[in-house]
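Student: make a model of this:
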Amino acid sequence: MSSTAISHFPVEIGIQIFNNILYPDGSFSYSKFIRARWLVCRSSSEWMRAVNAYPKFWTHISIDLETPSELVDTYLNRAGSLPIKLCLDFHSIEQYFEVRRSVQTIQDLATERMVIIQPLMHRVEQILMETEDRTLHDCMQEALRGLHAPLLRDIIVRFTHTRTKWDYGALNSPSWTTGHLPALERVHLYRTLFPFPFASATLRELRIYEVPHERAFNFADIRNIITGSPRLEELALWGIFCSEVQAGHILSTSIHTLRIKFNHASVSRLAANFDFPLLRTVHVEIAHPSDVVCAVRCSQLWKKVTHLKINDNGRDVYNLPLLFDSFYSVTHLDITECNGTLLSELTRHSGLNMSHETTTVFRELQSFKVAHATGRDVLQFCLRHGAKDLSDGHHMKLREVRMTIMVASHTECIEWMKEHIQSFRLYRMSNGMRVGADSEAARLTV
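Tutor: Okay, the predicted model is just below:
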């Protein structure tokens, strides 16, 4: 057994093992990594010595309200001169104080942590900030305002408290500017505008999610961000409100991927001004079909939609046929949050009940997710929109189907899916909850 100890492994093998722990599926999760590092360090003294001598293993630093400065210093020493990836995890505030029973205020605790962080910013290349507490959110914003971070490439900020009302008026001045972040490439903001988005010559990816407040954005804000970021390749405006929308093109010759949620008529008016000649991939969610009439003006955008999700439980679906003729580029369709009315409307529009009809709305459909529909309707939809040739239902371009049903009475549909669809999963509803794919009784896959 001693011959298999890690001390006898070639260095290359040890490095590969640690890299697989860092990025097990090509992505990265702080919570999974912290647990993996904890387990590796306690496996044996040989493993402990090995990871201590592997600086990359210590470049990911997670700080919560109880992290001592001594621990951060230890990680920094082991990381050597490598850039740092920093996670500020300020969750579970109420539970924390219930256990600690301390008179120290949230502000004091947060300030102590930020004092630890400030000297590190010149080494940070990625920062992830998560909290559900508004006080902590504001504390992070104030502590980091104006700090110079020459290596910072990625900023991800998540505010998770869904009941907090925001006053965005105070956020109109950026927490950082281009001069503070000369290497910035990616910004993801979830329910927050900290740092307030700004144009950047280096920015490649900007995602803004669920900021519907009427004071959050105006037309000039978004136009300046897009036109002032010449390398911007991916843009997401998901669940926002845009005020003072004006007529006039917003031109970008670099954006190739767009994610946008039509949750308000102002978004439709905004999108009508987009002029992105290199656009290849468009993800769209229609949250309120009653506003689709406004979206019709985005005719050039709709012709490039590849991923489409329709929401709102199928209400007001009578407006959707106005867009049907523009759906021919859609490869991924999700109507899991609609009732059977929408599927029936798609079926009717496609002429499934008229034998002489040979057209189809979705000419390139590869993935289909549906709920609250009968097996017969789903089967007919797949035959119409998923076949390579409308006269032959045995050769399918549709490769993936996810179907959620209330009762197990769709034998014919299920058997056909298992035979003809490369990836088919069936979910059943139990007590109002969807039984997940891990349940053997609930999943059928080919």
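
Student: can you tell me what sits against stretch 112-119?
Tutor: Contacts of stretch 112-119 from elsewhere in the structure, counted by Cβ atoms under 8 Å, 6 or more residues apart in numbering, are 63-65, 67, 69, 72, 86, 88, 90, 139-140, 143-144, 147. Placement of C-beta: from N, CA and C, glycine included.

Student: just the CA trace of that stretch, in PDB.
Tutor: Provided in PDB are the C-alpha atoms of stretch 112-119 (Å, rounded to 0.1, in the frame of the first residue of the first chain):
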ATOM      1  CA  GLU A 112     -14.600  43.800   9.800                       C
ATOM      2  CA  ARG A 113     -14.800  41.400   6.900                       C
ATOM      3  CA  MET A 114     -14.400  44.200   4.300                       C
ATOM      4  CA  VAL A 115     -11.300  45.500   6.100                       C
ATOM      5  CA  ILE A 116      -9.800  42.100   5.500                       C
ATOM      6  CA  ILE A 117     -10.800  42.200   1.800                       C
ATOM      7  CA  GLN A 118      -9.700  45.700   0.800                       C
ATOM      8  CA  PRO A 119      -5.900  45.000   0.800                       C
END
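
Student: returning to what we had before: flag the least confident of the contacts of stretch 112-119.
Tutor: For the contacts of stretch 112-119, the least confidently modelled position is A143, at 76, judged by pLDDT.

Student: quick revisit: just the buried ones out of the contacts of stretch 112-119, please.
Tutor: The neighbour-count test (16 or more other Cβ atoms under 10 Å) marks 63, 65, 67, 72, 86, 88, 90, 139-140, 143-144, 147 as buried among these.

Student: tell me which entries of those residues lie within helices.
Tutor: 72, 139-140, 143-144 (DSSP state H).

Student: and those, which is closest to F327?
Tutor: M140 (42.4 Å; Cβ to Cβ).

Student: my guess is the closest one contacts M129. True?
Tutor: Yes. In terms of Cβ atoms under 8 Å, M140 counts as a neighbour of M129; the distance is 5.6 Å.

Student: overlap of the contact sets of the two?
Tutor: Counting by Cβ under 8 Å, 6+ apart, the shared contacts of M140 and M129 are 88, 90.

Student: quick one on the thing from earlier: tabulate the contacts of stretch 112-119 (CSV), appending distance to H256.
Tutor: Conversion of the contacts of stretch 112-119 to CSV gives the following (distance: Cβ to Cβ, whole Å):
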residue, distance to H256
I63, 36
D64, 38
L65, 41
T67, 40
S69, 44
V72, 39
L86, 30
L88, 32
F90, 35
C139, 37
M140, 32
A143, 36
L144, 31
L147, 32
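
Student: where do the helices sit along the stretch 251-400 of the chain?
Tutor: 265-271, 292-295, 299-302, 321-324, 340-350, 375-386 (DSSP state H, counting those that start in this stretch).

Student: same question for the stretch 51-200 of the chain.
Tutor: Counting by DSSP H, counting those that start in this stretch, the stretch 51-200 of the chain has helices at residues 69-79, 93-100, 106-117, 134-144.

Student: any idea which of the ones you listed scores lowest on pLDDT?
Tutor: Mean pLDDT values for the helices of the stretch 51-200 of the chain show the minimum at helix 93-100, a mean of 53.
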